[in-house]
Structures are given as C-alpha cells and as structure tokens.
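J.: coordinates only, sequence not included:
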C-alpha cells in the first residue's frame, strides 16, 4: 500500500514466497499455477503481497483469482531488512527461516472465491508483519473496499410552461389563423383545391407567427423590466 501522496505506481519484486506449477504461456503450464509474491514501492516502501491462484480447467470460473494483502510503509522497511538477510529472496523454493515463516503465514491468510472479474475490491486486505527471528504475516483488516463512485446528479426536472405563455398561444394562434383565413377568402378567389391547400399551410404558418410574436413580446418586457430595475436602483440613496 503506497504512502499518502506517493506518485510511484510501479512496484518492484522483493520476495518470492512460493510457486506451484508453471505460469500460463510457459511450455510447462498444465492447468494450475499458484504464486505468492511480495512487491514494494521503491519510493515510499509501501508493499503488497500478491497471491495468485490460476486454474484454467473450468471455463465458467475466473481463471486468475487474486488476493492482495497490503503492507504499511513501516512494514515495507522491515520486509526490506528481512529480504536483505536472505541470500536468495527471489527463489520461491528457498527454505530459510524467513521464507518458511512468511510462506506458511501467507497461506493461512483469508481468501475468498471470485464470482466475476469485476470485484477486485473484495479481495484486498491489510496485513502486518510480526517481529522476531521468524516473522509472520497477520491480518489487520479484511477486504477493505475502494471508495464508492459518487452518485450521478439527479436529472433536472423538465421546465413547465408559464400560464401566461400558454394562454397567449391558445388565444393568439386561433385568432391569427382565423384572420388569415378571412383575409384569404375576402381578397383571393381561386379554385377550391387551392383554398384547401392554403388552409393547410395556414395552420403551421400562423403557429410560427404566434411564436415569433411571443418571443418579441418577452424581449420587450424583459428590456422594460431591466430599465425599471436600473432606474429604481439609481433613485435609492447610497
């Protein structure tokens, strides 16, 4: 686990505690592969034990099932010292006292099965290391979760039309349509089919005219309101 503010995401391998089988892609790979590796940050000394259990026999399960056990930077410093006392810290088959104790205690740490590939937060734990000649790993906190993503903001409520606008449209639009039809019949004399086509065009045309008149009225009223407000502000004593 990196120290707060550490900007070095990459870890380096410090201890290889155990290995069973060969990894996928290796010519000697045969279904299963297990590996317990301790990696450490070269900057802050935060460390992680990565326990991999690979099994590609059952196609319905997650093949690569990981558990991550995080160490505080203080424990990372102790792990560095322990690794320095082992002649071959990257040999998973080393049977020195440190390797044997860490290997045995790592295998006793809790682990849970994977149901989907999208659940890494359920497999991260916090551990520490005991003092003494035979250091061992102990659990401090099991399966701590990453911070939940923030909930998306609630969608804006749809704006409802004000009453004055609705009243204006339902009065002005029929009036404009009636006036246009009256003017057409009063001053234009064409065949009936042309009159019918003109009536159909009058419906959307008068609606557009009504909308333009409404927008113009709102602009005028808004300008008058700003002028009145400005005059009121200037008349108040300072």
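T.: Cool, got the structure. This one's a predicted model, so the numbers in the text were calculated from it and none came from an experiment.
J.: Identify the residues contacting the closest residue to residue 90 other than its chain neighbours.
T.: Leaving aside its sequence neighbours, residue 90 sits nearest to residue 16 (CB to CB, 6 or more residues apart in numbering; 4.8 Å). Bear in mind the C-beta positions are built from the backbone N, C-alpha and C, glycine included. By CB atoms under 8 Å, 6 or more residues apart in numbering, the contact set of residue 16 is 35, 36, 37, 38, 89, 90, 91, 92.
J.: From residue 67, how far off is the third one?
T.: Right, residue 37. 12 Å (CB to CB, to the nearest Å).
J.: just the fourth one next, same as before
T.: When distance is defined by CB to CB, residue 38 is 13 Å away from residue 67.
J.: who's more crowded, those two?
T.: A count of neighbours by other CB atoms under 10 Å puts residue 38 above the other of residue 38 and residue 67, at 25 against 22.
J.: Now stretch 26-37: buried residues?
T.: 33, 34, 35, 36, 37 (16 or more other CB atoms under 10 Å).
J.: same question, stretch 163-170
T.: 168, 169.
J.: got the contact list for it?
T.: Against stretch 163-170 from outside (CB under 8 Å, 6+ apart): 210, 211, 214, 217.
J.: who's in contact with the last one?
T.: This means residue 217. Listed by CB under 8 Å, 6+ apart, the contact partners of residue 217 are residue 168.
J.: Just say helix, strand or coil for it.
T.: helix (DSSP: H, G, I helix; E, B strand; the rest coil).
J.: Check what pLDDT it gets.
T.: Here, the pLDDT recorded for residue 217 equals 74.
J.: how much space between it and residue 110?
T.: Taking CB to CB, one finds residue 217 at 72 Å from residue 110.
J.: likewise the second one?
T.: Residue 211 sits 68 Å away from residue 110, taking CB to CB as the criterion.
J.: how near is the residue lying closest to residue 185 once chain neighbours are set aside to residue 56?
T.: Distance criterion CB to CB, 6+ apart; nearest residue to residue 185, sequence neighbours excluded, is residue 195 at 7.6 Å. Separation of residue 195 from residue 56 (CB to CB): 80 Å.
J.: Relative to the whole chain's centre, how far out is the helix or strand bottoming out on mean pLDDT in the chain?
T.: Here the helix or strand of the chain ranked lowest by mean pLDDT, DSSP states H and E is helix 192-235, holding a mean of 72. Centre-to-centre, helix 192-235 and its host chain are 46 Å apart (CA atoms, centre = their mean, to the nearest Å).
J.: Let me know the pLDDT of the residue nearest to residue 90.
T.: pLDDT recorded at residue 16 is 94.
J.: Domains in this structure, by residue range?
T.: 12-141, 163-230 (automatic domain parsing).
J.: possible to save these as a markdown table with distance to residue 5?
T.: Shown next, in a markdown table, are these (distance: least, CB to CB, whole Å):
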| stretch | distance to residue 5 |
| --- | --- |
| domain 12-141 | 8 |
| domain 163-230 | 51 |
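J.: still on that earlier bit, assign the residue nearest to residue 90 to helix, strand or coil.
T.: strand.
J.: for it, which residues make a bridge with it?
T.: Judged by DSSP bridges, the bridge partners of residue 16 are residue 37.
J.: how near is it to residue 81?
T.: Distance of residue 16 to residue 81, given as CB to CB: 17 Å.
J.: Between residue 37 and residue 67, which contacts overlap?
T.: By CB under 8 Å, 6+ apart, the residues touching both residue 37 and residue 67 are residue 50.
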